[in-house]
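**Q** Pasted the sequence and its predicted model underneath.
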Amino acid sequence: QQPVQSPQAVILREGEDAVINCSSSKALYSVHWYRQKHGEAPVFLMILLKGGEQKGHDKISASFNEKKQQSSLYLTASQLSYSGTYFCGTPSPTGTASKLTFGTGTRLQVTL
Amino acid sequence: DVKVTQSSRYLVKRTGEKVFLECVQDMDHENMFWYRQDPGLGLRLIYFSYDVKMKEKGDIPEGYSVSREKKERFSLILESASTNQTSMYLCASSWGRWGVEEETQYFGPGTRLLVL
């Protein structure tokens, strides 16, 4: 099953903060985050590997709670360049390879 | 830098046509993937390949087939295109060497397919 992301869309003014959530119905051992700018390919942001571990990328950080099967992406003091669609991805080892199941995406728009 | 390229950015085809979408990666990755992206549905996996000539179905394989004759090239085939296959198609690749870090996927720019 696809992870569920919330909110589906958010509009921010430059400098404001936002949180994007990703919930899974199955046990997780890692969560991936990707960002896709308009008209471009999705680009890897970060992997969260342990419960409660936070990682950062510029002013974007994330947390991962294994017990709750959730991850959250925190965008602090947002910039225009943060605009895009954010996807979380959860690994599903198949025995032959590991694939990612992506969430439905959260569309973020940062305005002046 | 990893580079994943797709043969076309935009494609217009007619219902019933056979359509080939090509993807090439230059980093000797083991795994390659085909997704379709539709508004509100995110990225959905069609097929993936973990080695030359090896493939597995993803979540929505109906109406599609794939071919991987060489390690760097992965093709998606629509045997008889239908209007409900109008979508953005994204190819991706990953190392596939079983380390969690190596599951990172690198995406191509996408092919926007319109089936009339």
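**A** Yes, it's here.
**Q** Hmm, residue B:68 is touching residue B:76, no?
**A** No - with the criterion set as CB atoms under 8 Å, residue B:68 and residue B:76 do not qualify as a contacting pair; they are 10.4 Å apart. Backbone N, C-alpha and C define where each C-beta goes, glycine included.
**Q** Which one's more surrounded, these two?
**A** Set side by side, residue B:68 and residue B:76 show unequal neighbour counts under other CB atoms under 10 Å in any protein chain shown, the larger going to residue B:76 at 23 against 20.
**Q** pull the CA atoms of the one helix or strand the more buried one maps to into PDB?
**A** Under the assignment given by DSSP states H and E, the secondary-structure element containing residue B:76 is strand B:73-78. Only the C-alpha atoms of strand B:73-78 are listed here, as PDB (Å, rounded to 0.1, in the frame of the first residue of the first chain):
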ATOM      1  CA  ARG B  73      19.000   0.300 -21.100                       C
ATOM      2  CA  PHE B  74      15.400  -0.400 -19.900                       C
ATOM      3  CA  SER B  75      12.500  -0.100 -22.200                       C
ATOM      4  CA  LEU B  76       8.800   0.200 -21.400                       C
ATOM      5  CA  ILE B  77       6.400  -1.100 -24.100                       C
ATOM      6  CA  LEU B  78       2.700  -0.300 -24.500                       C
END
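**Q** What is the longest strand of chain B by residue count?
**A** Using DSSP state E, we find that the single longest strand of chain B is strand B:42-51.
**Q** and if you look at chain A?
**A** Longest strand in chain A, counting by DSSP E: strand A:84-93.
**Q** Check which element follows it along the chain.
**A** Tracing the chain past strand A:84-93, the next element assigned as helix or strand by DSSP H and E is strand A:98-102.
**Q** Spell out which strands sit alongside that next one in the sheet and which way each one runs.
**A** Using DSSP bridges, the strands paired with strand A:98-102 in its sheet are strand A:84-93 (antiparallel).
**Q** Mind checking the pLDDT average for the partner strand?
**A** Looking at strand A:84-93 alone, the average pLDDT works out to 88.
**Q** OK, contacts around the residue most central in space within chain B?
**A** By CA atoms, centre = their mean, chain B has its centre lying nearest to residue B:34, at 2.4 Å. Residue B:34 makes contact with B:21, B:23, B:45-48, B:58, B:64, B:66, B:74, B:76, B:89-91 under the criterion CB atoms under 8 Å, 6 or more residues apart in numbering or on different chains.
**Q** Confirm that it sits in a helix.
**A** No - when the secondary structure is assigned by DSSP: H, G, I helix; E, B strand; the rest coil, residue B:34 falls in strand instead of a helix.
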